[in-house]
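Peer 1: Fold the following for me, if possible:
(2 chains)
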Amino acid sequence: MQKEKLETAEDIIICQNVHKWFGNFHVLQGVNITVKRGEVVVVCGPSGSGKSTFIRTINRLEEHQRGNIIVDGIELTNDLRNIHAIQREIGMVFQQFNLFPHLKVIDNITLAPIWVRRWSKEKAVQVAMELLERVGIPEQANKYPGQLSGGQQQRLAIARALAMQPKIMLFDEPTSALDPEMIKEVLDVMVELARSGITMIVITHEMGFAKEVANRIFFFADGYFVEHNTTEEFFINPREERTKSFLSQILTH
Amino acid sequence: MSGEGVSGCIPFKGVDMNQRAAMDEHRSVVPFWRNERVLKVLAQIVFVILVLAVGAWALTNYLERGLKFSYSFLDEEASFDLAEGIEFSPTDPYARAFLVGVLNTARVAAIGIVLATLVGLVTGIARLSKNWLVSKIAGVYIEIIRNIPLLVQLFLLYFAVIMKLPQIKEAFVLPGPVYISNRGIVLPWPRVAASFGLWWPFLVVALIGAVALLIIRGRSLKHTGRPSFNLLWVVTPLVAVPVLGWLLIPGNPLLLDLPEMVTKSGGVLKVEGGTALSSEFTALLLGLVVYTGAYIAEVVRAGILSVPRGQTEAARAQGFTNRQILSLIVLPQALRVIIPPLISQYLNLTKNSSLAIAIGFLDLYAVSQTMWNQSGRVVEVFFMIMASYLTMSLTISFVMNIVNRRMQIVER
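Peer 2: I've put the predicted structure just below:
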């Protein structure tokens, strides 16, 4: 009963007072965030502030040491069953793509559905081809990732994450490693994705993207969320000094 | 595709024809001791002369002693006995004795390579384990073994371990039965019986059937099944057909030859039957496996570490289990880094097997020593030794290079 209620709840990600230390270094100093189902959230903030570490705690690439993380009604604890259940709900796209270089494009996408979801190869390939169509590189299916351009690689990475049919997508600076002319093709895919109704948390400094699709923008600094606001308000009326100075730095050119 | 072309072009950029001609002229008057091309050719000529000189010197030395170079002794009766390997009697020729040695070396090297690879793979992975105890045990094993000369380890294994096993009358008997004593290990071993001739066609049919099914299933896999399902289809006929054959033909085609302790005349105890691993063979094999395994473990560790962390993270984010990450994502990429130094380790193991002479195992080198002592044909025998090791090493390199190429092509 309890679980049922939580699953249908509006909030898909709840983080309460999350702390993490790397040795003596206090990276996450009480992070609080609640993300609604279908919401697109953009996270920005200075580099080294711990925002990457934070989204990596949501799917357990990093372990948090204090506080609560609840994803789709499942609490993230040391229980392996919970961890795997949460990892199945979340897809992730990395700054450095992290594609599997020894596998063809199509096999990059089908590997997890076949081995983790236990789909038949036929079904996995069919879904993979649909995803390649969706991200616009169906003709690359039989190449190796190393033969693709950076933008194509990142689109493939998005398709790979989507193949597991996640409810949530995490993006960790998806365009930061790309040449300028390739950023747009990746952002276009992400905009389409955002409009499809999937829940997204995106770490990015692409403010154009944020203005176009984000429901809310969160500003992360010094290990916690300094402030957040709706997209319009965030740029017009930043409340904190810290936010103002950051915005003035990234919006000057 | 030449760096020469590029570096040759840049200085000429924006230079008019006259200047260019002048530069060409200037170029042609470089004195020969500074001319790169001339120096390269000169170096090769000097090298060839050196090689020829050394060869000629060796040949004159040889001829001065009035020795004649002939392999006719190979057909002569060896008149010594060899206690290890394929059947051999003192009336057999030298050629047969040499073959015994070659096969003994090949046997210890082949089994050693397989076992050392397993030990190395497991230890290399263990050393990277997040389990503190597991990784420390692997680390201590590697550091101790790598830092003690193999010869010392072989002596220790042979004299302090194997030779200190109980005598035959008090031999350890493990279920099987396996007899372990200071004379070596005796294991049960299948022996071909009279009706084997009727049975082996079943084996052939089973093998062909399995391969055919593998291909057919592999094709239909695209449309239906899971990858793990595949194996069952292949293993079933492989087991079922021989079993069926066993039931159909009269008598058993294979008999398990069980070793047995018997008392010979004069109260001498002996284990008969089964297959015996001599104490020398056991010590050498163990020594080579433990020693090379430690090096292979480091090679494996380096290979795994060469795969970027992001690979593991991407896989974990997709929900793969740790074992799947290792076998599907990390190891296939690590193999490219692992295989080239692994070839060297295989070659080292093969060549290190010549240390067998220290503990009296009759390998290629030990048998050869007896051969030249008996026949006086040192030079001839040495050529045979070198040719044999060279053949074995080149075979290993050849096979492993094919494996390597198959692994490397995949990327782009």
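
Peer 1: quick one, helices of chain A?
Peer 2: A:2-7, A:51-58, A:80-89, A:105-115, A:121-135, A:150-162, A:180-195, A:207-213, A:231-236, A:241-251 (DSSP state H).

Peer 1: In TSV: those helices, plus mean pLDDT and distance to residue B:276.
Peer 2: No exception for glycine: its C-beta is placed from N, CA and C like everyone else's. Converted to TSV, the helices of chain A look like this (pLDDT from 0 to 100; distance: least, C-beta to C-beta, whole Å):
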stretch	mean pLDDT	distance to residue B:276
helix A:2-7	47	64
helix A:51-58	94	58
helix A:80-89	89	49
helix A:105-115	94	45
helix A:121-135	93	49
helix A:150-162	95	56
helix A:180-195	92	67
helix A:207-213	90	75
helix A:231-236	88	81
helix A:241-251	86	78
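
Peer 1: residue contacts, residue 69?
Peer 2: You didn't pick a chain, so chain A it is. A:13, A:14, A:15, A:16, A:18, A:57, A:58, A:75, A:76 (C-beta atoms under 8 Å, 6 or more residues apart in numbering or on different chains).

Peer 1: Chain B was what I was after
Peer 2: B:62, B:379, B:380.

Peer 1: Recalculate using a threshold of 7 Å.
Peer 2: Contacts for residue B:69 (C-beta atoms under 7 Å, 6 or more residues apart in numbering or on different chains) come out as B:379, B:380.

Peer 1: go on, residue B:360?
Peer 2: Here residue B:360 is in contact with residue B:280 (C-beta under 7 Å, 6+ apart).

Peer 1: can you check residue B:205 too?
Peer 2: When contacts are counted by C-beta under 7 Å, 6+ apart, residue B:205 is found next to residue B:241.

Peer 1: same deal with residue A:95?
Peer 2: A:172, A:173, A:174, A:176, A:177.

Peer 1: Just among the residues you listed, which is most surrounded?
Peer 2: Within these, neighbour counts (other C-beta atoms under 10 Å in any protein chain shown) peak at residue A:174, which reaches 27 neighbours.

Peer 1: Nearest residue to it in space, please, no chain neighbours.
Peer 2: With C-beta to C-beta, 6 or more residues apart in numbering or on different chains as the criterion, residue A:174 has its nearest non-adjacent residue at 5.0 Å, and that residue is residue A:93.

Peer 1: ranking the helices of chain A by burial, who's on top?
Peer 2: Mean neighbours per residue, mean count of other C-beta atoms under 10 Å in any protein chain shown, is largest over those for helix A:150-162, with a mean of 25.

Peer 1: who does it touch, helix- and strand-wise?
Peer 2: strand A:90-93, helix A:105-115, helix A:121-135, helix A:180-195 (3 or more C-beta pairs under 7 Å, 6 or more residues apart in numbering or on different chains; DSSP states H and E).

Peer 1: got a list of what the residue nearest to residue A:174 touches?
Peer 2: With C-beta under 7 Å, 6+ apart, residue A:93 has these contacts: A:157, A:158, A:161, A:169, A:171, A:172, A:174.

Peer 1: ok, residue A:62 to chain B distance?
Peer 2: Distance, residue A:62 to chain B, using C-beta to the nearest C-beta, to the nearest Å: 10 Å.

Peer 1: Count the residues that sit near that residue.
Peer 2: 18.

Peer 1: Now do it, the pLDDT please.
Peer 2: Turning to residue A:62, the model gives it a pLDDT of 92.

Peer 1: ditto for residue A:8
Peer 2: pLDDT at residue A:8 comes out at 53.
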